[in-house]
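[1] Give me a model of this one.
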Amino acid sequence: MLKFIYVILMNLFRAPYILPKMRREADHPERYSDQDRYLLAQHVINLMKLSGGIRTKAFGTENLPKEGGYMMYPNHQGKYDALGIIHTHHSPCSLVMDKAKSNTILVKEFIDLLGGKRLDKKDVRQALSIINEVAEEVKNGKRYILFPEGGYDFNNRNRVCDFKAGSFKIALKSKAPIVPVALVDSYKVFNSIFCLGPVTTQVHYLKPVFFEEYGSLKTQEIAALVRDRIREKIEDLHLA
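    The predicted structure is shown next:
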């Protein structure tokens with residue numbers, strides 16, 4: 001948490017320029033392409049990484065499908081998780097986020113810049129509408145990040161909790177590949193009081209799970225399958 005405050009303070013002088021630029025590009029997708037807006041998001045992440053002494057290593061990028069849309073389902077450790085994925089995922093992607101947490105400064109700009117979706121967990125009708133919207137966009141080639149744990153513990157220490165079955169309705173509706181993503185030490189960036197100096201995180205893109213493999217499974221079974229693959233990867237790295 002202290003590092004998060006430190007990074008924000010170190011970049012305050014950039015806010016009068018960066019925030020309006022993010023807002024302008026988010027509000028005018030007809031003038032700024034997905035690639036333009038994604039590059040701006042990556043630029044802002046790089047500024048945060050440099051000022052915070054944050055390094056992120058990517059593994060398994062060759063596992064990412066070369067064409068078409070897909071869903072990325074990572075374990076959840078803290079505020080840096082989506083940023084680490086966006087930093088290492090070179091083609092544009094977006095994310096689905098809890099509406100209640102999506103309207104703070106900078107978070108709002110990131111969500112809008114990337115064309116993200118805000119899902120209201122308290123409104124079943126709205127949540128279903130978002131699920132259908134995302135599934136349709138994935139069918140049309142868009143890539144999304146969704147955290148199926150739904151939340152995270154402070155100072156997570158690479159623990160993987162149960163995945164919520166409902167998160168996988170999008171995959172079933174879109175019939176798109178599922179890419180399990182194992183995040184390692186991501187909690188150390190903004191969600192641990194013990195890591196104030198330089199920190200290195202890891203993003204592991206695991207082999208995709210195609211519809212042929214998961215299409216006949218129930219959402220609870222898909223959730224367990226993806227969770228177990230992520231958990232096994234982290235255990236293989238002797239970090240669990």
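
[2] can you list the weak-confidence ranges in this protein?
    Residues of the chain meeting the criterion pLDDT under 70: 239-240.

[3] That one: strands as residue ranges?
    Using DSSP state E, the strands of the chain run over residues 54-59, 70-74, 94-98, 117-119, 143-145, 178-184, 199-205.

[4] on contacts alone, who are the packing partners of the fourth one?
    Just to be clear, that refers to strand 117-119. Applying 3 or more C-beta pairs under 8 Å, 6 or more residues apart in numbering; DSSP states H and E, we find strand 117-119 packed against strand 94-98, helix 124-139. C-betas here are computed from N, CA, C, even on glycine.

[5] Relative to the whole chain's centre, how far out is the longest one?
    In this case it means helix 124-139. Here helix 124-139 shows a centroid-to-chain-centroid distance of 17 Å under the convention C-alpha atoms, centre = their mean, to the nearest Å.

[6] Give me the buried positions along that helix.
    By neighbour count on 16 or more other C-beta atoms under 10 Å, the buried set for helix 124-139 is 127, 130-131, 134-135, 137-138.

[7] before we move on, back to that, go through the helices and strands packed on strand 117-119 and name the closest to Leu225.
    Set against Leu225 and scored by C-beta to C-beta, these come closest in helix 124-139, at 18.7 Å.

[8] Neighbours of Lys218, how many?
    12 (other C-beta atoms under 10 Å).

[9] so who does the residue nearest to it when sequence neighbours are not counted touch?
    Excluding the flanking residues, the one nearest Lys218 by C-beta to C-beta, 6 or more residues apart in numbering is Ala165, at 7.6 Å. Neighbour list for Ala165: 218-220, 222-223 [criterion: C-beta atoms under 8 Å, 6 or more residues apart in numbering].

[10] I'd like the residues you listed written out as JSON lines, with distance to Met10 added.
    Formatted as JSON lines, the contacts of Ala165 follow (distance: C-beta to C-beta, whole Å):
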{"residue": "Lys218", "distance to Met10": "47"}
{"residue": "Thr219", "distance to Met10": "42"}
{"residue": "Gln220", "distance to Met10": "44"}
{"residue": "Ile222", "distance to Met10": "41"}
{"residue": "Ala223", "distance to Met10": "38"}
